[in-house]
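In: Below is the sequence, then the predicted model.
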Amino acid sequence: MAGGGGSGGGVSPLGPAPPMWYHRDLSRAAAEELLARAGRDGSFLVRDSESVNGAYALCVLFQKHVHTYRILPDDEGFLAVQTSQGVQPKRFKTLPELVSLYLQPSQGLVTTLLYPVDREETAVSDDRDYSDGEDEKPPLPPRSASTSTPPVCGSFVATFETIPPAANGLSTISHEYLKGSYALDLEAVKQGACSLPHLNKTLVASCKRLNGEVDKVLSGLEILSKVFDQQSAFMVSKMIQQSVNQGGDQELENLVTKLAILKDLLSSIEKKALKALQDMSLSSPCSPPPLSMRHSKAIPVQAFEVKLDVYLAELTKIGKSQKYTLSVDVEGGRLVVMKKVKDNQEDWTTFTHDKIRQLIKSQRVQNKLGIVFEKEKDKSQRKDFIFASAKKREAFCQLLQLMKNKHSNQDEPDMISIFIGSWNMGSVPSPKSVASWVLCRGLGKTLDEMTVTIPHDLYVFGTQENSVCDREWVESLRAMLKEQTELDYKSIAVQTLWNIKIAVLVKPEHENRISHVGMSSVKTGIANTLGNKGAVGVSFMFNGTSFGFVNCHLTSGNEKIARRNQNYLDILRLLSLGDKQLSSFDISLRFTHLFWLGDLNYRLDMDIQEILNYINRKEFEPLLKVDQLNLEREKNKVFLRFAEEEISFPPTYRYERGSRDTYVWQKQKATGMRTNVPSWCDRILWKSYPETHIVCNSYGCTDDIVTSDHSPVFATFEVGVTSQFVSKKGLPKSSEQAYIEFESIEAIVKTASRTKFFIEFYSTCLEEFKKSYENDSQSSDNVNFLRVGWSNKQLTTLKPLLSEIEYLQDQHLLLTVKSLDGYESYGECVLALKSMIGSTAQQFHTYLSHRGEETGNIRGSMRVRVPSERMGTRERLYGNALNVKRCAVYCTDKPKQDTADGDPSICKNSYNNPAYYILEGVPNQSAAAISPELLPSPTSTNPQAAKAPPPSAGARTKPPCATSAGGGTVGSTLNRPPPDFPPPPLPKGALEMVAEAPFSKPRPLYPDLAEVRIPATGPVAPLALGEGFRRGGVGGVGAGALDDQSCSVLQMAKTLSESEFPGQPPRAPSAPPPLRGQPMGLGLDACRTFPPRNPIPESIAEDMPEEALWGSSSSSLSVGESSVGEWLQRLGLERYEQGLLHNGWDDLEFLSDITEEDLEEAGVLDPAHKRILLESLRQQQQQK
């Protein structure tokens, strides 16, 4: 029964049976789609309100627009359509009575209700989920009593009607029982039942918050009870365990027992603790060592064989390229750079941890790394090294990061390492050892052996079909981690739904940094009532950073794609995690970092024999193109803007148990023979706020755990975290108050409604959420879309709680666009304040989403104004390096200057800081969400002239969110939302253009939107949405078209990107506008966002040109790198350029050391070609 407020006398607000025009929890967007499909004025339906529990929404179609009326229950349970102030509402006992009135003409609605739009009933057989891994099906729940409401005794009716409902929601729950569900209990008692399940359910719901609070208190006292009160410790631990395992009828009984235990514990713990301490002081004067103070294994010195990468211009100084050995002493805090010289002699230089300033990762040559060392008098020197492989480079970086963490003077970490594992255990216990799982050993992208045993800060284990009891499972995980790391990891959360489990364990040193732990579960099994399928989730704060983890088991079966998609959307909407104030947002926007793992059960759409052939040849790309999850993501059906690391391991399902050599793809079921093609069912995805740091260092599966038909999957992440900020200057005075100011905002939302809208702003930096006034501009050329705008006078100025720049740089702002008629959200988004700090307004442009669906775009102009008194440099390493990196990498048009000229402390940072990794070849994305089409072109007045060509329909590239900086690879340092349109390549001659004067005639930052025409609806073929659409790009027209024609959002985004805000006065840009295709913020404005700094100049002019992406008079391509291609082309052997560059042979002088074996490794197998290359190199050496 719906959650609407019932009317008096126990009558259901829906009447004896729900009418067909009532669509329960149908989403607003789906309701508009159904009405649009009906197409007749007067078509209507009723659904549950998205904004008010217990309320309804009456949706009516008139002149191709959808009008929404809220139906609210009053204090007596009567229903009425919300009216204007002063208009007396008409009250009804049931929804059918209310609708029957408005079926008559002239009742105040925009039109008479004429044509009900019925809901689509789903057959029961379609809901059956034949699990591939569970031979024994869970029993079906008992059928509930008749849905019709039996007559109620008059005395009870009188009693119920005299009870006034209170304002809080808990009283409403009781009223719902007294006026509805209680009748079902009465019917059950008449039939001989000895329990009241509906009353029990009401009591459990009423005490839900109390139950959670009691669990938190008991968990906090568990350690104290173990130390001082062993007698009660057993009961405390038992109740904590039972609170995880049990629910339903036992939940209320457990609560009563827990309250009794808590009462006894609190009343006796102090006396028992006093006695224990008195006994201890008499027996031994020495205090016992603190708990969990054992250190992890000492890490031995690790050595890396590398080659020095030099430019031809430097060869006269240093002679031939040399081989080096880099030795990392983590325990001693030293890096030894040893050079091999003649006569087997060695020359070495030792750098302490505080003398290593920056690491610069090349993105084109994956095994190349630049290191910036601090030399005397605060000057720096850069050296570039070529490692044996990209994996060795990452291992080196990880060890250096660990060294810096170990010897850092800071109190709180700036970055942590997270292990995430997912495994469908197949309903059998795990083997004695699953070490390969936690050590990330196996297939795919794995960690280097040098770093594989370094303990992670967090371990998250998600399992499905796990028949082991929770306590035994967690203790086995802790024992395994202790065996591998010699650390006693602490369990901070365990959540279970049937055999779906998630466990989070943390290093003991981080236990006090974890707070606000939340847990939840959602059932998506048969009729969403069975827990054999569903999800469990855990959320918490790590200092100032919020994390969410979801482990799910979705519907199985090759053909059940739509069911799996719906499972995902149900979990997204119903999983109750995170800050309760963010209930307007789904869980994908409630956390700084959200990780989603599990047996997602998406399959491969390809013939079984073809699949096996590709697997045998280890060719995974053709299979990934037919992977159902990838295809659904490309259609924006699921996991909108989530990221997944590239898959380089074979399908993890369905193996023959006891072996990893054979896939078993046929299974005899009760319904006949079932085919289960090998598939990547087990996945790990993530979604992070913009401008945060997250890098996936590994993603693979084990190849030696064979008890299940699934292989365990693992992934490790390097994640930036922030500390709980405490202002050293206290609360800001009025003169020192920071402000968040908006100049204008415009949104294009996917809706047929023509109501007014307002914006709500949420952030942890605000005392409470704020609202704007209603929009003051509105237009549309397309019935399915609406453009709404807010000028400065309609937008409120926001005042952060603290005004320090180091605090504001870590903050994010959540926006939701809501309608005035129903107060329902039409789209939500998140903005990073970091890019908005400065004296001038900054532009933002991003997508809107609601309930997992992209619903439009939003853009605007805003600034975060920080008073000069609060602009001090950050003392925390994480923030300092972000500032340094921003200026050092992006301000490439500045001339070289000596670092010693400025404040040297600014650059003396530890690169345990994520921002200390500079990624060569990744363009600045400080305005990555803004399409380059928003800015005027210096070379062309045609907005289409420099557009990137659209990707071909159906073409698959890496997922958009894997490009965490909107243009870099997964390893990128800053995680930013992908731009709606990827910037086109830099035009030829761009390096010379940078020095050109700005526009002689100032132009407004936004052209006039009035000139833009939204594409009119018509019988055009829908677009095929491939990868380009997920990034906002333009898809092709053809066979990949979607049946829902959701490409309309794409058309609107395209129109929006080519247009600009109305009513904006022309402003001369403060710096030369970026080139078309060049990222924004390259000029002086990039540094204006933060206080001026003197970064490390030596590395700037040299590291960027390698990728030919930065315009600067001091930047030019490396002669050696460009000459390798020219040299090969002159010899007619250009086919080998890619192989040589991939192996690090990117310099002609470097090639003088190459051998025949090196050439073979680079792909030169023809003996004649090897001779030509070696002879040519020999002749070049002789000429010198």
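Out: Done, it's in.
In: what is the mean pLDDT for the longest helix anywhere in the chain?
Out: If you go by DSSP state H, the chain has its longest helix at helix 249-283. Mean pLDDT, helix 249-283: 71.
In: elements contacting that helix?
Out: Judged by 3 or more CB pairs under 8 Å, 6 or more residues apart in numbering; DSSP states H and E, helix 249-283 is in contact with helix 197-206, helix 208-228, helix 230-245. Heads up, the C-betas are built off the backbone N, CA and C, glycines and all.
In: avg pLDDT for the helix or strand just after it?
Out: As assigned by DSSP states H and E, the chain's next helix or strand after helix 249-283 is strand 302-309. Per-residue pLDDT over strand 302-309 has a mean of 91.
In: Okay, buried residues for strand 302-309 please.
Out: Within strand 302-309, the residues that qualify as buried are Q302, F304, V306, K307, L308, D309, counting by 16 or more other CB atoms under 10 Å.
In: ok, it: who's next to it in the sheet?
Out: Within its sheet, strand 302-309 is paired with strand 323-329 (antiparallel), strand 380-386 (antiparallel), according to DSSP bridges.
In: could you redo the ones you listed as CSV and give each row mean neighbour count?
Out: CSV is the format used below for these (neighbours: other CB atoms under 10 Å):
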stretch, mean neighbour count
strand 323-329, 18
strand 380-386, 19
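In: want to throw these into JSON lines with mean pLDDT and distance to D704?
Out: What follows is the strands paired with strand 302-309, written out as JSON lines (pLDDT from 0 to 100; distance: least, CB to CB, whole Å):
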{"stretch": "strand 323-329", "mean pLDDT": "92", "distance to D704": "29"}
{"stretch": "strand 380-386", "mean pLDDT": "90", "distance to D704": "33"}
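In: The ones you listed: which one's closest to S546?
Out: The minimum distance between S546 and the strands paired with strand 302-309 falls on strand 323-329, with 32.9 Å, by CB to CB.
In: List of residues touching the helix or strand containing V474?
Out: Assigned by DSSP H and E, V474 belongs to helix 470-485. With contact meaning CB atoms under 8 Å, 6 or more residues apart in numbering, helix 470-485 is reached by 241, 244-245, 296-297, 430, 433-435, 438-439, 453, 455, 459, 461, 463, 466, 468, 487-489, 491, 494, 496, 501, 503, 505.
In: Also stretch 1169-1180?
Out: Where contact means CB under 8 Å, 6+ apart, the residues beyond stretch 1169-1180 that reach it are W1127, L1131, L1133, Y1136, L1148, L1151, S1152, I1154, E1156, L1159, E1160, V1164.
In: Using neighbour counts, give me the buried entries of the residues you listed.
Out: Using 16+ other CB under 10 Å, the buried members of these are W1127, L1133, Y1136, L1148, L1151, I1154, L1159, V1164.
In: The last one contacts Y1136, doesn't it?
Out: When you say that, I think you mean V1164. Yes. The pair V1164 / Y1136 is scored as a contact, 5.3 Å apart, by CB atoms under 8 Å.
In: Pull up the pairing partners for the helix or strand hosting I71, direction included.
Out: Using DSSP H and E, I71 falls within strand 65-73. Sheet pairing here is set by DSSP bridges, and for strand 65-73 it gives strand 56-62 (antiparallel), strand 79-81 (antiparallel).
In: Check the secondary structure at K391 for me.
Out: K391 falls in the helix class when you classify it by DSSP: H, G, I helix; E, B strand; the rest coil.
In: swap that for Q104, please
Out: Per three-state DSSP, Q104 ends up coil.
In: Excluding chain neighbours, give the residue nearest to it in space.
Out: T112 (7.0 Å; CB to CB, 6 or more residues apart in numbering).
In: mind listing what's buried in the longest helix of the chain?
Out: So helix 249-283, judged by 16+ other CB under 10 Å, has buried residues E251, L252, N254, L255, K258, I261, L262, L265, I269, K272.
In: got it, and stretch 790-803?
Out: W790, S791, Q794, L795, L798, P800, L801, L802, S803.
In: re earlier: for the helix holding V474, give the mean pLDDT please.
Out: Computed over helix 470-485, the mean pLDDT rounds to 95.
In: go on, stretch 801-819?
Out: For stretch 801-819, the mean pLDDT works out to 93.
In: mind listing the strands for the stretch 701-850 of the chain?
Out: Here the stretch 701-850 of the chain has its strands, by DSSP state E, counting those that start in this stretch, at 713-720, 739-750, 757-762, 770-771, 777-779, 785-791, 812-819, 825-832, 842-850.
In: Kindly reformat those as TSV containing distance to A29.
Out: Shown next, in TSV, are the strands of the stretch 701-850 of the chain (distance: least, CB to CB, whole Å):
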stretch	distance to A29
strand 713-720	32
strand 739-750	7
strand 757-762	15
strand 770-771	23
strand 777-779	19
strand 785-791	12
strand 812-819	12
strand 825-832	9
strand 842-850	7
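In: So which of the ones you listed has the densest surroundings on average?
Out: strand 713-720 (a mean of 26; mean count of other CB atoms under 10 Å).
In: now for that one, which elements pack on it?
Out: Packed next to strand 713-720, using 3+ CB pairs under 8 Å, 6+ apart, are strand 415-424, strand 593-599, strand 682-688, strand 694-701.
In: packing partners for the last one?
Out: Using 3+ CB pairs under 8 Å, 6+ apart as the contact criterion, the secondary-structure elements in contact with strand 694-701 are strand 443-445, strand 682-688, strand 713-720.
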